[in-house]
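Asker: Can you look at this prediction? I've put the sequence above it.
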Amino acid sequence: MTLAAEPGLVVAVLASLLVLLGATVTLVGALGLLRLSSFYERVHASTMGTTLGMASVLLASMLLFSALGTRPVLRELVIIVFMTVSTPIGFVLLVRAARHRDAAVGREPEVVTTGTPGGTDRDGPDAPLE
Amino acid sequence: MLLWLMLVAVWLLLNQSLAPADIILGGLLALLACRVHERLGKPATGRGGWRRGLVVLDLLVAVVTDVIRSNIAVGAIILKAHSRRKTQGFLDIPIDLHHPAALTILACIITATPGTAWAGYDSERGLLTLHILDLVDEEGWIGVIKGRYERRLQEIFE
């Protein structure tokens, strides 16, 4: 890709800051994969990269390329929407799989239940996939 | 028809072109996708109107601020991981959303905010199970899910 011109200083600084922010957030999330001890905790760490990390980098891209005027900026918005809509599919499946596995070996974690009369103690694995 | 138009628009946007060949190919692919969508069965859509658009915007702002806030919170927990006591846990929340699209959006919101993860939903009892990284204030989390998201989703869909 050939760049049309140099971006202005303000745009360049802002875009760089956004890229740095996104990279830092993703790095901290990756660090979390190393430092957190259980599977369920690590799920939270990996979502950092797919949310704020992803959005900051894409916002930087939008800012830079719209300032350079080489193409319309809407493509990154589409990517943000698709990422946000598609990541839950994998994460929900992974968490449910982990809970099934835990239940199968009798390691069912405690669930805090609130607000439902009659008690809703969970006494087995989650309902099978609908 | 609306779905078809949106699919063609996304196709052209991703290809960054308005060439006739792309329009024709996008149109054919969108037609195919629409046929598949019809076979899957249409979920009922909520009511329209200006007011609903405002609530959507309101929800979007709430979600974006929550995503940024929770990223900072989870980042802090990761960096202090060795010194803190374990506060993670599962939490059951009774919710009154039944609309499939509303539940889907709720799942997207919950996954998009680090610190909360969707761990299961029991449609018979209307019970949502979340895994929460920083489970200290249970009532507070229930307030966030019900007050910030569920209420607005109900206004949009029900």
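Answerer: Nice, I can see it. Numbers count the residues shown, from 1 in each chain, chains lettered A, B, ... in the order given.
Asker: Break chain B down into its structural domains.
Answerer: Domain segmentation of chain B under automatic domain parsing yields B:2-40, B:50-157.
Asker: Show me what the helix or strand encompassing residue A:40 is packed against.
Answerer: Assigning secondary structure by DSSP states H and E places residue A:40 in helix A:39-48. Packed against helix A:39-48, as judged by 3 or more CB pairs under 8 Å, 6 or more residues apart in numbering or on different chains; DSSP states H and E, are the following elements: helix A:9-35, helix A:74-104, helix B:50-79, strand B:116-122, strand B:127-132. No exception for glycine: its C-beta is placed from N, CA and C like everyone else's.
Asker: let's go with 7 Å and repeat that
Answerer: Here helix A:39-48 touches helix A:9-35, helix A:74-104, helix B:50-79, going by 3 or more CB pairs under 7 Å, 6 or more residues apart in numbering or on different chains; DSSP states H and E.
Asker: what angle separates the helix or strand just after that helix from helix A:39-48?
Answerer: Using DSSP H and E, the helix or strand that follows helix A:39-48 in sequence is helix A:54-68. Between helix A:54-68 and helix A:39-48, the angle comes out at 10 degrees (axes from the mean of the first three to the mean of the last three CA atoms, to 10 degrees).
Asker: mean confidence score for helix A:54-68?
Answerer: Across helix A:54-68, pLDDT averages out at 88.
Asker: wait, does it contact chain B?
Answerer: No - taking CB under 7 Å from any CB of the partner chain as the criterion, helix A:54-68 and chain B are apart, separated by no less than 7.7 Å.
Asker: how far does that helix sit from the chain's center?
Answerer: Mean-position distance between helix A:54-68 and its chain equals 18 Å (CA atoms, centre = their mean, to the nearest Å).
Asker: Can you dump the C-alpha atoms of it in PDB for me?
Answerer: Extracted as PDB, the C-alpha positions of helix A:54-68 are listed here (Å, rounded to 0.1, in the frame of the first residue of the first chain):
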ATOM      1  CA  MET A  54      -8.500  -4.800  19.400                       C
ATOM      2  CA  ALA A  55     -10.600  -1.600  19.400                       C
ATOM      3  CA  SER A  56      -7.700   0.700  20.100                       C
ATOM      4  CA  VAL A  57      -5.600  -0.600  17.200                       C
ATOM      5  CA  LEU A  58      -8.500  -0.400  14.900                       C
ATOM      6  CA  LEU A  59      -9.400   3.100  16.000                       C
ATOM      7  CA  ALA A  60      -5.800   4.100  15.300                       C
ATOM      8  CA  SER A  61      -6.100   2.500  11.800                       C
ATOM      9  CA  MET A  62      -9.300   4.400  11.200                       C
ATOM     10  CA  LEU A  63      -7.800   7.700  12.300                       C
ATOM     11  CA  LEU A  64      -4.600   7.300  10.300                       C
ATOM     12  CA  PHE A  65      -6.200   6.200   7.000                       C
ATOM     13  CA  SER A  66      -9.000   8.700   7.100                       C
ATOM     14  CA  ALA A  67      -6.500  11.500   7.700                       C
ATOM     15  CA  LEU A  68      -4.400  10.300   4.800                       C
END
